[in-house]
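> No letters, just coordinates:
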DNA sequence: TCCATTATGTTGACTAGGAAACTACCAGCG
DNA sequence: CGCTGGTAGTTTCCTAGTCAACATAATGGA
């Protein structure tokens, strides 16, 4: 049978395996707080920006505007964000966190801290920093900048 | 405003960002060959095993049996796998690659090689090996073993 | 000024997967 | 035998995305 290189020879294989595990665990944690990972990313982006256009969020999160539209609907439904008309452009509007939404962000951020500690805390400090640095290098070299959501 | 730790302080953030980029690029590559990443994983698993029960594939790929059932339907539709009754247990059956499916695996494997080289080849050999080693360590310590699919 | 082009956001059709109900079957025990 | 409980796969319903068509509004050139 023709050779098919061993999957486990690929760094991408292990990258994905670890990444999926970290993510799925984080998803479980934030689900206990009643939000999804996409919702968390959305709220985290608004936390710094105060008010953003859906299109800006789509850009930042690497999602389509359709997805953002639906995601915003869900967060509106949960009372975590509000929508404000954009005076001067009747097509546009901006989204901001409500008080409830804003106060939820630090709680979720703490879960992110905890998740990171759980997964990477098992490495010695030096190795942990090395991993972090290598990943940042790869992201830099590829010009990656969208907040990872899925 | 209460502190919400900088997202970019999380190793998990960069891990996901890089992992998503690597994966999405790979997805694009295999799409040119007419298959999805899940289909590739499925076929790659069968390539070594020759014939497997859907339940075994579900276990190996970390997917539900429902998802495997549908995935198998799609691959059957594309003529890449075949289904064989399991003599001795009328509930069960096994799945195997067809000739067409089997000959596609090395092509897809080459794409995986290429993708890995594209992403990690920019690192010096030593760093690349370090990254690989660190990821394997993390996977080991967590007891991860399912083939990453998404 | 008016019309063509472009931009913003929403919607509908579609896809892929998970959860759980369901079907069909097996196995062991009375 | 014939239940009863468990097992293998399938199906249904749901969620959360994409993509493309759409409605509406802004813009800019003839």
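Arrived safely, thanks for sending. Here the structure is a predicted model, which means the values were calculated and not measured.
> so where is chain A shaky, pLDDT-wise?
A:1-5, A:7-8 (pLDDT under 70).
> Would you map the helices across chain A?
For chain A, the helices defined by DSSP state H occupy A:11-31, A:37-49, A:54-61, A:65-77, A:99-120, A:125-142.
> Serialize those helices to TSV and add fields for distance to residue B:107.
(C-beta placed from N, C-alpha, C; glycine too.) Formatted as TSV, the helices of chain A follow (distance: least, Cβ to Cβ, whole Å):
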stretch	distance to residue B:107
helix A:11-31	17
helix A:37-49	34
helix A:54-61	34
helix A:65-77	32
helix A:99-120	35
helix A:125-142	25
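> Distance to residue B:54 and mean neighbour count for those helices - can I get that in CSV?
Below are these laid out as CSV (distance: least, Cβ to Cβ, whole Å; neighbours: other Cβ atoms under 10 Å in any protein chain shown):
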stretch, distance to residue B:54, mean neighbour count
helix A:11-31, 21, 21
helix A:37-49, 29, 21
helix A:54-61, 35, 17
helix A:65-77, 31, 15
helix A:99-120, 31, 18
helix A:125-142, 36, 16
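> quick one: stretch A:40-54 near DNA strand C?
Yes. Using Cβ under 7 Å from any atom of the strand, stretch A:40-54 reaches DNA strand C at A:53, A:54.
> Which of the helices of chain A sits closest to residue B:138?
Closest of the helices of chain A to residue B:138 is helix A:11-31, at 4.9 Å (criterion: Cβ to Cβ).
> That closest one near DNA strand D anywhere?
No. Using Cβ under 7 Å from any atom of the strand, helix A:11-31 never reaches DNA strand D; the gap is at least 9.0 Å.
> does that helix come close to chain B?
Yes. Judged by Cβ under 8 Å from any Cβ of the partner chain, helix A:11-31 and chain B are in contact via A:11-23, A:26.
> got the angle for that helix vs helix B:37-49?
130 degrees (axes from the mean of the first three to the mean of the last three Cα atoms, to 10 degrees).
> Okay, angle between helix A:11-31 and helix A:125-142 too, please.
Put simply, helix A:11-31 runs at 100 degrees to helix A:125-142, going by the same axes, to 10 degrees.
> Now do helix A:11-31: which elements does it pack against?
helix A:37-49, helix A:99-120, helix B:11-31, helix B:99-120, helix B:125-142 (3 or more Cβ pairs under 8 Å, 6 or more residues apart in numbering or on different chains; DSSP states H and E).
> need those helices in TSV with distance to residue A:133, can you?
As requested, the helices and strands packed on helix A:11-31 are exported to TSV (distance: least, Cβ to Cβ, whole Å):
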stretch	distance to residue A:133
helix A:37-49	23
helix A:99-120	13
helix B:11-31	9
helix B:99-120	15
helix B:125-142	9
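> Among these, which comes closest to residue B:46?
For those, proximity to residue B:46 was assessed by Cβ to Cβ; helix B:99-120 is nearest, at 7.5 Å.
> List the neighbours of that closest one that are in contact with it.
Contact with helix B:99-120 is made by A:1-5, A:7, A:10-12, A:138, A:142, B:18, B:21-22, B:25-26, B:29-30, B:33, B:35, B:40, B:43-44, B:46-47, B:75, B:79-81, B:97, B:128, B:131-132, as judged by Cβ atoms under 8 Å, 6 or more residues apart in numbering or on different chains.
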